[in-house]
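>>> Sharing a sequence plus its predicted fold:
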Amino acid sequence: MNLNKKQIEFATIYVNNPELSLVDISKEIGVHRNTITNWLSDKEFVEDLYSTYMKSFGAKLPSVLQAMYTEAIQGNVQAGRLILEHSGKLIKNVEVKVESPFERFLEGNKKINEAIIIDSEDEKKELVSNTESRLESLNKKKLDSKKLIYRAKKVGLKPLGRGRHTKTKRTAWLQELEALESKHLQENL
C-alpha cells in the first residue's frame with residue numbers, strides 16, 4: 001500500500017511519540033480521529049505502520065547497543081551477556097540426542113541387558129500366578145477396607161475417608177473403632 005502524505009505523517013509521529021494519544025496526533029496532523037481509527041483497521045496500513053516502526057527501531061538500535069556496552073563495562077553482567085549474544089559470541093545451544101532402543105540396536109552400541117525368556121509351561125504358569133496373586137492381594141485390601149467402613153457405620157463412627165492416611169491417624173481411628181465396638185457390645189449385653 002502506498003501511504004499518502006497524512007498517513008506518512010501519522011506513522012512518523014505515532015512511531016516516534018508513543019506517549020501521544022490518537023486524539024493528540026489527529027489534531028497535530030489535521031485529520032479527524034475517526035479517520036485514524038479507520039486507517040488502523042486497515043490491515044495493509046498496519047503492516048506499513050509496522051514497517052515504519054521497524055525502520056525507526058533499527059535507527060535507534062546503535063544507541064541502545066552503546067548504552068548496553070557502557071553498562072557492561074561498568075559491571076552489569078546481564079548487559080554483557082546481551083551484547084555477546086547480539087554479536088554472536090555467546091551461544092546458548094545445547095544439543096540433545098534421543099535414541100530409541102531400536103536405533104541403539106541397529107547401531108550395535110548397546111545390547112539388551114535384561115530379558116525375560118520363558119521356555120517352559122511351568123515358568124509361564126508362574127508368571128501368570130504372580131499377576132493373579134497381586135490382583136488377589138489388591139482385592140483383599142479392598143474387601144478389608146469395606147469391612148472396616150461397615151463396622152464403623154454400625155457403631156456410628158465416621159469412616160476414615162479416601163486417600164492415604166498416616167500410620168498414627170489410622171492406628172488412632174482403629175483404636176477408637178474397637179473402643180466403640182466394645183462399648184456397644186457391653187450396652188447390648
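Happy to help now that I have it.

>>> quick one: T168 and G58, what's the gap?
68 Å (Cβ to Cβ, to the nearest Å). Any C-beta I mention is one placed from the backbone N, CA and C, and that applies to glycine too.

>>> cool, S100 as well?
Taking Cβ to Cβ, one finds S100 at 46 Å from G58.

>>> now for the strand or helix carrying P62, which elements pack on it?
For P62, the enclosing helix or strand under DSSP states H and E is helix 43-73. Helix 43-73 is packed against helix 5-16, helix 33-40, helix 77-87, with contacts defined by 3 or more Cβ pairs under 8 Å, 6 or more residues apart in numbering; DSSP states H and E.

>>> What residues of that helix count as buried?
Buried residues in helix 43-73, counted by 16 or more other Cβ atoms under 10 Å: 45, 48-49, 52, 68, 71-72.

>>> tell me the two of the residues you listed that are most distant?
F45 and A72 (39.2 Å; Cβ to Cβ).

>>> gap between stretch 35-44 and the chain center?
37 Å (Cα atoms, centre = their mean, to the nearest Å).

>>> How about stretch 90-99?
That offset, for stretch 90-99, works out to 21 Å (Cα atoms, centre = their mean).

>>> Only C-alpha atoms, please: export that stretch in CSV.
Extracted C-alpha coordinates of stretch 90-99, given in CSV (Å, rounded to 0.1, in the frame of the first residue of the first chain):
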residue,chain,number,x,y,z
LEU,A,90,27.7,-16.2,23.2
ILE,A,91,25.7,-19.2,22.0
LYS,A,92,23.2,-21.0,24.3
ASN,A,93,22.6,-24.1,22.2
VAL,A,94,22.5,-27.5,23.8
GLU,A,95,22.4,-30.5,21.6
VAL,A,96,20.3,-33.4,22.9
LYS,A,97,20.2,-36.6,21.1
VAL,A,98,17.5,-39.1,21.9
GLU,A,99,17.7,-42.5,20.5
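
>>> So what touches it?
81, 84-85, 107 (Cβ atoms under 8 Å, 6 or more residues apart in numbering).

>>> quick one: buried residues of the helix or strand where A152 lies?
According to DSSP H and E, A152 maps onto helix 121-155. Neighbour counts using 16+ other Cβ under 10 Å place 148, 151-152, 155 of helix 121-155 among the buried residues.

>>> What mean pLDDT does that helix get?
Throughout helix 121-155, pLDDT has a mean value of 79.

>>> What are the buried residues along the helix or strand just after that helix?
For helix 121-155, the following helix or strand on the C-terminal side (DSSP H and E) is helix 167-188. By 16+ other Cβ under 10 Å, the buried positions in helix 167-188 come out as 173, 177, 180.

>>> domains of the protein?
The chain resolves into domains spanning 5-87, 137-188 when parsed by automatic domain parsing.

>>> would a markdown table of these with distance to N93 be doable?
Output for those, formatted as a markdown table (distance: least, Cβ to Cβ, whole Å):
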| stretch | distance to N93 |
| --- | --- |
| domain 5-87 | 12 |
| domain 137-188 | 44 |
